[in-house]
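I would like the atomic coordinates for the input below:
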Amino acid sequence: MSNATSVSPTLIDIYQKLGQNPQVILKNYAMDHVLAKIQKYEAESQKFAAKYNTPFADFQKKVAKMKNAENFSWEDDLMDWEFSTENLQYWTKVLETLKSA
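Numbering: from 1, shown residues only. Prediction:
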């Protein structure tokens, strides 16, 4: 297959014989991977919420209010939690796009 957006006629023929639509198969494949990413980032966010017994936004404010003090563990966790929160939002949007494709 020379073009990433094309499906070989042989595969299309096999899918048709199986009663399958290649587009549906690809969409389902992508959705499975996106859902796995969503689950990963949800679990990571929940881990931090349980660890600090607070939602992300509240913890973010708490760390920002620290003056003349450094808590590297909290700052590291905040960065990781922010990363997981942003990725959760991103992949949730991708899932919505996939659903309407």
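
quick one: buried residues of the helix or strand where A50 lies?
Secondary structure assignment for A50, by DSSP states H and E: helix 22-52. Neighbour counts over helix 22-52 (16 or more other C-beta atoms under 10 Å) mark 34, 37-38, 41, 44-45, 48, 52 as buried. (C-beta placed from N, C-alpha, C; glycine too.)

before we move on, what about stretch 77-90?
Across stretch 77-90, burial judged by 16+ other C-beta under 10 Å covers 77-78, 81, 84-85, 87-88.

Which of these sits closest to V7?
Proximity of the buried residues of stretch 77-90 to V7 (C-beta to C-beta) peaks at N87, which lies at 29.7 Å.

Okay, now the unreliable bits of the protein?
1-4 (pLDDT under 70).

helix, strand or coil for the spatially most distant residue from the centre of it?
Distance from the centre of the chain peaks at N68, with 35.5 Å (C-alpha atoms, centre = their mean). Under the three-state scheme (DSSP: H, G, I helix; E, B strand; the rest coil), N68 adopts coil.

Also D80?
D80 ends up helix, using three-state DSSP.

any idea how far it is from V24?
36 Å (C-beta to C-beta, to the nearest Å).

Check E96 too.
18 Å.

same question, V63
Taken as C-beta to C-beta, the span from V63 to V24 is 45 Å.

Also N53?
43 Å.

can you check A50 too?
38 Å.
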